[in-house]
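> here is the input, now give the coordinates:
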Amino acid sequence: MKGSEAWSKLALVLLFAGGIAAFFLLGGPQYLSLDTIKDNRDQLLALTERHYAAAMFVAFVVYVAATALSLPGAVLLSLTVGLLFGRWVGAAIIIVAATMGATGAFLAARYLFADLARRKLGLETGTGTPGLAARINQGFSDNAFNYLLFLRLVPLFPFWLVNLAPAFTHVSVRTFIIATAIGILPGVFVFANLGQSLGRIESTAELVSPATLGAFALLGVFALVPILIRRLRGGGDDARSTAP
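Below is the predicted model of the structure:
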């Protein structure tokens, strides 16, 4: 069993490494660039109109693969999908594809590295007095949905990092999927809507205003409010229970 598991892990590593290598060797960064998309905007729109279902399928598969492999260019992909399919259909494609891709990366990281990471950090059960890593893991696991929602909403944290880091905790797959799908909603609708103006955008850096980023950050802070309330109530209960 251990031998077959080792081979399956090796195959998975090779699959991910091969996908990333193929992206760069085949000129992926060149094709997935703002200038290339802008130069081919009319052709892409015409092709999508002629083969709508096929274009939707290809866009979905490409987005899932790019997210699962943590490839660069997620913002540009979102803009392109919004351009080709509009804000509503485009947003639906992005939400489902990004959630599936993120879950794939999460599951792969958990399958490949979680056991080793937990042993190194002392997160296994029954290993004695919990250290800092174990306490962080416990806190994250107890409030997984709110913490993940915060990490998804606040644009400070890279999307790929939030896909991988929870894999080394005891966050359930169900919680990861739900928090991801809800947490990416605001950003998805913003970028899908901005896709309509892709031809006039000179740089992806000019897409989101500081006010919009601040709004995302505020939403993220709100996601932590239930945790704060629970802790305050817990502290009050502890104080009452120890009072004479």
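> so how far is stretch 65-85 off the chain centroid?
Centre-to-centre, stretch 65-85 and its host chain are 12 Å apart (Cα atoms, centre = their mean, to the nearest Å).
> and it, how far apart are its ends?
One end of stretch 65-85 to the other measures 19 Å (Cα to Cα, to the nearest Å).
> tell me which residues in it are buried?
Using 16 or more other Cβ atoms under 10 Å as the test for burial, stretch 65-85 gives 65-71, 73-85. Where C-beta positions appear, they are placed from N, C-alpha and C, glycine not excepted.
> which ones among those residues lie within helices?
Among those, the members falling in helices are 65-68, 74-85 (criterion: DSSP state H).
> tell me the one of those residues nearest Phe106?
Ala68 (9.4 Å; Cβ to Cβ).
> which residues touch the residue nearest the centre of the chain?
The centroid of the chain falls nearest to Phe159 when counting by Cα atoms, centre = their mean (4.3 Å). Taking Cβ atoms under 8 Å, 6 or more residues apart in numbering as the criterion, Phe159 is in contact with 67, 74, 98, 102.
> hmm, Leu164 and the last one touching each other?
No. Using Cβ atoms under 8 Å, Ala102 makes no contact with Leu164, being 9.5 Å away.
> more crowded one of these two?
Ala102 (25 against 17; other Cβ atoms under 10 Å).
> check which helices and strands whichever strand or helix holds Leu151 sits against.
Following DSSP states H and E, the helix or strand that holds Leu151 is helix 144-153. Helix 144-153 sits against helix 159-164, helix 173-183, helix 210-242, with contacts defined as 3 or more Cβ pairs under 8 Å, 6 or more residues apart in numbering; DSSP states H and E.
> return it as PDB; C-alpha atoms alone will do.
Below are the C-alpha coordinates for helix 144-153, written out as PDB (Å, rounded to 0.1, in the frame of the first residue of the first chain):
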ATOM      1  CA  ALA A 144     -12.200  28.000   9.700                       C
ATOM      2  CA  PHE A 145     -15.000  29.500   7.800                       C
ATOM      3  CA  ASN A 146     -14.600  33.000   9.100                       C
ATOM      4  CA  TYR A 147     -10.800  33.000   8.800                       C
ATOM      5  CA  LEU A 148     -11.000  31.600   5.200                       C
ATOM      6  CA  LEU A 149     -13.600  34.200   4.300                       C
ATOM      7  CA  PHE A 150     -11.300  37.000   5.700                       C
ATOM      8  CA  LEU A 151      -8.300  35.700   3.700                       C
ATOM      9  CA  ARG A 152     -10.400  35.500   0.500                       C
ATOM     10  CA  LEU A 153     -11.900  38.900   0.800                       C
END
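> what angle do helix 173-183 and it make with each other?
Helix 144-153 and helix 173-183 are oriented at 40 degrees to each other (axes from the mean of the first three to the mean of the last three Cα atoms, to 10 degrees).
> from the chain's centroid, how far away is helix 144-153?
That offset, for helix 144-153, works out to 11 Å (Cα atoms, centre = their mean).
> next: stretch 162-173.
On Cα atoms, centre = their mean, the centre of stretch 162-173 falls 11 Å from the chain's centre.
> give the rounded mean pLDDT of it.
Mean per-residue pLDDT for stretch 162-173: 87.
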